[in-house]
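Engineer: what's the 3D shape of this:
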Amino acid sequence: MTPVHILLVEDNEGDIVLTLEAFKDGKLKNSIQVVRDGEEALQYLHQQGPYLNATLPDIILLDINLPRMDGKEVLLYIKSHDQFKLIPVVVLTTSSSEKDISDVYASFANCYITKPVDFEKFTKVIRSIEEFWISIVQLPVKK
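Structural biologist: Just a heads-up that it's a prediction; the model follows:
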């Protein structure tokens, strides 16, 4: 199986470490790039600044509580631009607010997951994401 390129958009260092560890412990070898705010995510997608040679991701894991440009704005941007709108976006956030959930689905998020605070449960969620989005789902071919 070809490695899947994942873009993790997350500002919390602890969550970054947990996510990377959970993917590392998984069976599949994936390429994971991390950006820490919304503006950096857009630079990555447009291959600007330090991301001139960035590979367009096959899937995006997006927190909504981000500095500089929040995740809802990033999601809306991604889903309103032809070159990015087919990339699945999994919102992975601490918020369980009904408004946040409604807002991201209205902006065409592919799914919404509230991060568990317990390490084992968090790891299980990441492995479930990996199993479903990388092992089961057929992702669109990049053009």
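Engineer: same for the longest helix seen in the chain, what does it pack against?
Structural biologist: The longest helix of the chain (DSSP state H) is helix 13-25. Packing contacts for helix 13-25, counted by 3 or more C-beta pairs under 8 Å, 6 or more residues apart in numbering; DSSP states H and E, involve strand 5-9, strand 31-35, helix 119-129. To be clear about C-beta, it is placed using only N, CA and C from the backbone, and glycine gets the same treatment.
Engineer: Contacts only, for residue 119.
Structural biologist: Counting by C-beta atoms under 8 Å, 6 or more residues apart in numbering, residue 119 makes contact with residue 18.
Engineer: For residue 127, see how far away it is.
Structural biologist: As judged by C-beta to C-beta, to the nearest Å, residue 119 and residue 127 stand 13 Å apart.
Engineer: How about residue 79?
Structural biologist: Distance, residue 79 to residue 127, using C-beta to C-beta: 26 Å.
Engineer: try residue 8
Structural biologist: Taken as C-beta to C-beta, the span from residue 8 to residue 127 is 15 Å.
Engineer: what residue lies at the spatial centre of the protein?
Structural biologist: residue 61 (1.0 Å; C-alpha atoms, centre = their mean).
Engineer: From residue 109, how far off is that one?
Structural biologist: The spacing between residue 61 and residue 109, counted by C-beta to C-beta, is 11 Å.
Engineer: Need the residues touching each of these two.
Structural biologist: Residues touching both residue 61 and residue 109 (C-beta under 8 Å, 6+ apart): residue 90.
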